[in-house]
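# sequence below, structure please.
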Amino acid sequence: MSTQFQGVIPPVITPRHADGRVDTASLKNVTKHLVDGGVSGLFVLGSSGEVPYMTNEERELVVSTIADANAGAVPLIVGANEQTTNRVIEEARKVVDLGADAIVVTSMYYAIGNAQETETHFRSIHSAVDKPIFAYDVPVRTHFKLPTDLLVRLGRDGVIAGVKDSSGDDVSFRQLVLAAKDIPDFDIFTGHEIVVDGALLAGAQGVVPGLGNVDPAGYRRLFDAAQAGDWTTAAAEQDRLADVFNIVYTPNGRVSGGAAGLGAFKTALQIMGIIESNTMSAPMLPLNAEETAAIRTILERNALV
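Sure thing, here's the model as predicted:
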């Protein structure tokens with residue numbers, strides 16, 4: 001099987017200056033931090049990148065900045081995030097021109113569709129874009145759970161190259177891995193940061209962890225242990241990463257769920273000296289000094305600062 005899109009592929013955060021502008025210097029630092037940490041690829045313009053909040057110009061700036069900093073070191077998998085088919089095709093063509101090696105596509109959102117229209121959606125994008133397509137199953141954002149039978153059918157027909165599963169539904173994830181086991185070059189990734197060892201044991205090809213922005217080397221150690229069949233080491237690394245993940249629970253309730261999780265990743269990277277500011281995309285609020293101190297404590301006990 002192809003290994004181009006297997007392994008650890010974090011969804012890259014988007015640093016901003018205190019005034020809200022995209023911080024390209026910090027974004028280059030993040031890219032270097034991830035590549036030096038041993039990642040297998042970079043997922044650009046995903047949920048962890050705050051893509052719904054970006055202008056078109058910001059999206060292009062982020063992709064081009066990461067592509068430049070990456071300099072071909074690892075594959076770039078880039079989200080083509082738009083509501084409907086023709087808009088996705090237009091976005092996909094843009095990111096391919098900017099250096100995407102593959103694209104990530106959700107079902108339609110805002111538009112009200114069904115399984116049949118969703119199948120047409122993916123098939124139309126496949127016909128229009130000459131790059132591998134990964135289906136992004138993220139019903140918390142699209143309000144539509146991609147059916148297992150649809151994903152398997154699209155995989156068998158070569159329409160999609162795999163699935164990035166952020167459904168949080170471990171039952172359907174396991175069923176998908178089993179149903180797709182015999183499809184050549186079909187890669188399934190979990191976006192569920194704290195059950196990666198279980199997903200890999202089940203047969204997943206990799207992980208797309210938001211927390212991987214903070215500790216890419218930890219996820220690489222976990223993946224390598226799993227590849228070697230050393231499940232004791234993999235579980236121990238997963239346990240440590242589960243403790244690091246506690247950074248997302250430090251916010252005290254004054255910020256949204258999205259700002260809490262992504263804000264924790266940014267705050268951790270700021271503490272680690274990798275980015276300048278933990279500023280969020282408007283209207284989200286950054287974490288405060290008290291929350292930052294709590295995150296520092298977690299990072300210190302895991303030797304990340």
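
# quick one, strands of the stretch 51-200 of the chain?
76-79, 102-105, 133-137, 162-165, 187-190 (DSSP state E, counting those that start in this stretch).

# low-confidence ranges, the stretch 201-305 of the chain, go.
Along the stretch 201-305 of the chain, no part satisfies pLDDT under 70.

# residues contacting residue 250?
Listed by Cβ atoms under 8 Å, 6 or more residues apart in numbering, the contact partners of residue 250 are 264, 287, 291, 294-295, 298. For the C-beta atoms, the positions are set from N, CA and C on the backbone; glycine is no exception.

# picking up where we left off before, now render the strands of the stretch 51-200 of the chain as JSON lines, adding distance to residue 176.
Shown next, in JSON lines, are those (distance: least, Cβ to Cβ, whole Å):
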{"stretch": "strand 76-79", "distance to residue 176": "18"}
{"stretch": "strand 102-105", "distance to residue 176": "16"}
{"stretch": "strand 133-137", "distance to residue 176": "9"}
{"stretch": "strand 162-165", "distance to residue 176": "7"}
{"stretch": "strand 187-190", "distance to residue 176": "6"}
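
# of all the ones you listed, which one is nearest residue 115?
strand 133-137 (12.8 Å; Cβ to Cβ).

# I figured residue 221 hits residue 235, correct?
No - Residue 221 is beyond contact range of residue 235, at 11.9 Å (criterion: Cβ atoms under 8 Å).

# and these two? which has more neighbours close in?
When residue 221 and residue 235 are compared for neighbours, residue 221 comes out ahead with 21 against 16, by other Cβ atoms under 10 Å.

# contact partners for that one?
233, 237.

# look up how far residue 145 lies from it.
Remark: distance between residue 221 and residue 145 (Cβ to Cβ, to the nearest Å) = 32 Å.

# please enumerate the helices of the stretch 101-250 of the chain.
115-128, 139-142, 148-156, 170-179, 196-202, 216-227, 231-244 (DSSP state H, counting those that start in this stretch).

# now the ones you listed in a markdown table, with distance to residue 45?
Output for these, formatted as a markdown table (distance: least, Cβ to Cβ, whole Å):
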| stretch | distance to residue 45 |
| --- | --- |
| helix 115-128 | 15 |
| helix 139-142 | 13 |
| helix 148-156 | 21 |
| helix 170-179 | 23 |
| helix 196-202 | 22 |
| helix 216-227 | 18 |
| helix 231-244 | 24 |
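
# now, the contacts of residue 250 that are in helices?
If you go by DSSP state H, the contacts of residue 250 have 264, 291, 294-295, 298 in helices.

# check these and tell me the two furthest apart.
Pairwise distances across the ones in helices among the contacts of residue 250 (Cβ to Cβ) peak at 11.1 Å, for the pair 291 and 298.

# what does stretch 22-30 rub up against?
Stretch 22-30 has contacts (Cβ under 8 Å, 6+ apart) with 12-17, 58, 61-62, 65-66, 68-69, 213, 269, 274-277.

# likewise for stretch 275-290?
13-18, 20, 23, 25-26, 29-30, 50, 53-54, 250-252, 254-256, 258-260, 262-264, 266-267, 269-270, 292, 295.

# wait, isn't residue 262 in contact with residue 11?
No - assessed by Cβ under 8 Å, residue 262 is found out of contact with residue 11, at 9.9 Å.

# any shared contact partners between these two?
Common neighbours of residue 262 and residue 11 (Cβ under 8 Å, 6+ apart) are 48, 210.

# relative to residue 131, how far out is residue 281?
Remark: distance between residue 281 and residue 131 (Cβ to Cβ) = 27 Å.

# one more: residue 159?
12 Å.

# quick check on residue 28: phi, psi?
phi -70, psi -40 (degrees, to the nearest 10).

# that one: neighbour count?
For residue 28, the count of nearby residues is 16 (other Cβ under 10 Å).

# and the pLDDT at residue 130?
pLDDT recorded at residue 130 is 96.

# what residues are up against the nearest residue to it once chain neighbours are set aside?
Leaving aside its sequence neighbours, residue 130 sits nearest to residue 96 (Cβ to Cβ, 6 or more residues apart in numbering; 7.8 Å). Contacts for residue 96 (Cβ under 8 Å, 6+ apart) come out as 78, 103, 129-131.
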